[in-house]
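Novice: A structural model of the following input is requested.
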Amino acid sequence: MTAIIFGASGQDGHYLSRLLDEAKIEWIGVSRSGNHFNTNIADYEEVAKLVSKYHPTYIFHLAASSTTSHSAWKENHETISTGSLNILEAAKEFSPSTRVFLAGSGLQFQNNNQPIKESDPFEPKSIYAVARIQSVYTARYYRTLGLKVYVGYLFHHDSPLRTDDHVNKKIADTAKRIAKGSRETLAIGDLSVRKEYAFAGDIVTAIWKLVNQDKVWEATIGTGKTYTIEEWVSCCFLLCGLNWKEHVESLPNFTAEYEMLVSDPSTIFSLGWRPAVSMEELAKMMMS
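Specialist: Alright, predicted model coming up:
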């Protein structure tokens, strides 16, 4: 068996490649960085060439810009929307038995500060959400043509592989520097925002569970548990023996994107998956 991972250099791609290694499945990584194929996902001919060559058992589309900012509209459209279309058309033409996974996001749903389920309505409140929504409708269309296309709506998840521009990595790294003698202050936004703190390795095992069954095609994937940013900050600083209140200041004029973002993971739970790593254990990973 063979798998193609688009977005192999990201944290999800890393943990997925480790899972595939353990399952003894050969995988081909595609990414703009790292030691992977530099196939342009926005170019159908390049994608089709890769799919027709390997006839993979699985394709995982994890590639996307790490920002939801409007400034990334072109990159997100090309990677998420056009990329999904190219993958699915190539699979239809050259490898119709391939199981295709497309990553979705909790941010593409209407958010009323209640747990979000895969059957909830979408809301195009950002250009990033627009790309994700278009990708899902593309998946649903190709499913009518006989393709096995899965969508996992991912919520906030982290790992030690997060880049420095992600807020939870920034918090963890700042706490470590202060513990080593740095006199800096951590400037942070709304500490009351509630979100999930899942481990990327756990999320990948849920994706694997999803694509290896034929009853559920779309599922929200998350822990269903929320913590405030303040709780994460407190946990990270406490692991360094510090009182966070002595080292943190609020960003002026900051407006949070949401008050709470949490999944209803009952569908993925029904397939037998549960997260193994707690928020505290994730913090320890990222502080080590």
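Novice: where does this structure have its least confident helix or strand?
Specialist: helix 73-76 (a mean of 87; mean pLDDT, DSSP states H and E).
Novice: could you show me where the strands are in the stretch 101-250 of the chain, in order?
Specialist: 148-154, 157-158, 186-188, 194-195, 198-199, 218-221, 227-228, 248-250 (DSSP state E, counting those that start in this stretch).
Novice: partners of the first one, with directions?
Specialist: Counting by DSSP bridges, the strands paired with strand 148-154 are strand 99-105 (parallel), strand 218-221 (parallel).
Novice: turn the ones you listed into CSV, columns for mean pLDDT, distance to Pro160 and mean neighbour count.
Specialist: Glycine gets a C-beta too; all of them are placed from N, C-alpha and C. Formatted as CSV, the strands paired with strand 148-154 follow (pLDDT from 0 to 100; distance: least, CB to CB, whole Å; neighbours: other CB atoms under 10 Å):
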stretch, mean pLDDT, distance to Pro160, mean neighbour count
strand 99-105, 98, 20, 25
strand 218-221, 98, 20, 26
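Novice: any chance of those in a markdown table, with distance to Thr228 too?
Specialist: Output for the strands paired with strand 148-154, formatted as a markdown table (distance: least, CB to CB, whole Å):
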| stretch | distance to Thr228 |
| --- | --- |
| strand 99-105 | 21 |
| strand 218-221 | 21 |
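Novice: of all those strands, which lies closest to Val248?
Specialist: Distance to Val248, taken as CB to CB, is lowest for strand 99-105 among the strands paired with strand 148-154, at 28.0 Å.
Novice: need the strands of the stretch 101-250 of the chain in TSV with distance to Ser9, can you?
Specialist: Converted to TSV, those look like this (distance: least, CB to CB, whole Å):
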stretch	distance to Ser9
strand 148-154	17
strand 157-158	16
strand 186-188	28
strand 194-195	24
strand 198-199	19
strand 218-221	21
strand 227-228	28
strand 248-250	32
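Novice: how about the nearest residue to Gly189, chain neighbours excluded?
Specialist: Phe254 (4.0 Å; CB to CB, 6 or more residues apart in numbering).
Novice: and the one you found, what helix or strand is that in?
Specialist: Using DSSP states H and E, Phe254 sits within no helix or strand.
Novice: what's the neighbour count on it?
Specialist: 10 (other CB atoms under 10 Å).
Novice: okay, it: pLDDT?
Specialist: Note for Phe254: predicted pLDDT of 90.
Novice: for it, grab phi and psi.
Specialist: Phe254 adopts backbone torsions of phi -90, psi 130, taken as degrees, to the nearest 10.
Novice: now do the contacts for the closest residue to Val149 other than its chain neighbours.
Specialist: The shortest distance from Val149 to any non-neighbouring residue, by CB to CB, 6+ apart, is to Ala139 (4.4 Å). Contacts for Ala139 (CB atoms under 8 Å, 6 or more residues apart in numbering) come out as Ser84, Leu88, Val100, Leu102, Val149, Tyr150, Val151.
Novice: with distance to Leu19 added, can I get the residues you listed in TSV?
Specialist: Shown next, in TSV, are those (distance: CB to CB, whole Å):
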residue	distance to Leu19
Ser84	22
Leu88	23
Val100	17
Leu102	18
Val149	20
Tyr150	15
Val151	19
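Novice: of all residues in this protein, which one is nearest the centre?
Specialist: The residue lying closest to the centre of the chain (CA atoms, centre = their mean) is Leu154, at 5.2 Å.
Novice: run through who's touching stretch 167-180.
Specialist: 158, 162-164, 182, 184, 186, 188-189, 197, 229, 232-233, 236-237, 239-242, 244, 247, 283, 286-287.
Novice: now do 6 Å
Specialist: Stretch 167-180 is contacted from outside by Asp158, Arg162, Leu186, Val233, Cys236, Phe237, Cys240, His247, Met286, Met287, using CB atoms under 6 Å, 6 or more residues apart in numbering.
Novice: how about these in a markdown table, adding pLDDT?
Specialist: What follows is the contacts of stretch 167-180, written out as a markdown table (pLDDT from 0 to 100):
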| residue | pLDDT |
| --- | --- |
| Asp158 | 96 |
| Arg162 | 91 |
| Leu186 | 94 |
| Val233 | 97 |
| Cys236 | 97 |
| Phe237 | 97 |
| Cys240 | 95 |
| His247 | 97 |
| Met286 | 96 |
| Met287 | 91 |
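Novice: just those: which are in helices?
Specialist: Val233, Cys236, Phe237, Met286, Met287 (DSSP state H).
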